[in-house]
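Peer 1: Structure, please.
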Amino acid sequence: GLGRVLHRHPDAVLCGDVNDYHLAFPQFAHRLMPMREGDSIDLGGRSFVAVEPVIRDLRTTYWGFDTGQRVLFPGDGFAYSHYHEDGHCGLCAEEAVSLDLPDVSAVFADRALFWTKFTDMRIYVDRLQNLLDRLDVRAIGPSHGLPVLDPAATVPKIIEGLLYGCLLYTSDAAD
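Peer 2: Numbers count the residues shown, from 1 in each chain. Just a heads-up that it's a prediction; the model follows:
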């Protein structure tokens with residue numbers, strides 16, 4: 001979809017790990033801005049910073065952080081589903097009372113982040129918590145899932161789901 005977005009929005013610039021995108025989109029090579037962890041974009045009174053993608057969905061993934069509202073945008077690496085039939089659409093995670101966050105996080109990790117079953121995810125969740133604390137994250141805007149407005153209450157439930165697969169499949173599960 002990147003080619004369509006760049007075509008439709010001729011003033012847009014694609015920022016991030018764009019290392020080989022010029023090969024797929026040579027006509028847009030002049031609109032690709034490489035970023036590395038720690039690089040930022042001035043948005044006028046706030047910045048958007050490329051931060052560590054603690055849980056990667058792709059090799060080129062970076063997470064983003066809005067310094068103005070202290071919102072973390074973790075892409076697909078911090079994702080879960082929600083129930084359309086229960087009226088979750090348009091709600092925040094904390095408002096969707098019938099949403100079983102550990103379960104839907106575990107299912108998403110199993111289906112989209114298959115590698116999480118074969119590594120010690122405790123290392124990643126510790127790094128995630130460190131990132132949230134260091135940045136003083138006040139909200140999370142995942143690509144999949146509902147916005148998280150109370151990270152202290154909601155993140156532990158998502159972490160439970162992220163840990164589920166690795167605790168089933170690793171040798172430490174027998175301990």
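Peer 1: those helices in the chain, which residues are they?
Peer 2: 2-8, 21-24, 101-112, 121-135, 151-169 (DSSP state H).
Peer 1: where's the one helix or strand in the chain whose mean pLDDT sits lowest relative to the chain centroid, distance-wise?
Peer 2: Ranked by mean pLDDT, DSSP states H and E, the weakest helix or strand in the chain is helix 101-112, scoring a mean of 80. In terms of Cα atoms, centre = their mean, to the nearest Å, the centre of helix 101-112 is found 14 Å from the chain centre.
Peer 1: which residues sit against that helix?
Peer 2: Applying Cβ atoms under 8 Å, 6 or more residues apart in numbering, the external contacts of helix 101-112 come out as 57, 76, 79-82, 93, 116-117, 144-145, 154, 157-162, 164-165. Backbone N, C-alpha and C define where each C-beta goes, glycine included.
Peer 1: quick check: angle from it to helix 121-135?
Peer 2: With axes from the mean of the first three to the mean of the last three Cα atoms, to 10 degrees as the basis, helix 101-112 and helix 121-135 are set at 110 degrees to each other.
Peer 1: circling back to that earlier point, just the buried members of the contacts of helix 101-112?
Peer 2: 57, 76, 79-82, 93, 116-117, 145, 154, 157-162, 164-165 (16 or more other Cβ atoms under 10 Å).
Peer 1: Pull out the buried positions in stretch 113-128.
Peer 2: Under 16+ other Cβ under 10 Å, the buried positions of stretch 113-128 are L113, T116, K117, M121, Y124, V125, L128.
Peer 1: so can I have a markdown table of those residues showing distance to F65 and pLDDT?
Peer 2: Shown next, in a markdown table, are those (distance: Cβ to Cβ, whole Å; pLDDT from 0 to 100):
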| residue | distance to F65 | pLDDT |
| --- | --- | --- |
| L113 | 21 | 77 |
| T116 | 23 | 75 |
| K117 | 28 | 77 |
| M121 | 22 | 84 |
| Y124 | 18 | 89 |
| V125 | 18 | 90 |
| L128 | 13 | 94 |
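Peer 1: Show me which of the residues you listed is closest to L72.
Peer 2: L72 lies nearest to L128 out of those, by Cβ to Cβ, at 9.7 Å.
Peer 1: what's the burial count for the closest residue to that closest one other than its chain neighbours?
Peer 2: Nearest non-adjacent residue to L128, counting by Cβ to Cβ, 6 or more residues apart in numbering: V54, 4.6 Å away. By other Cβ atoms under 10 Å, the residues close to V54 number 21.
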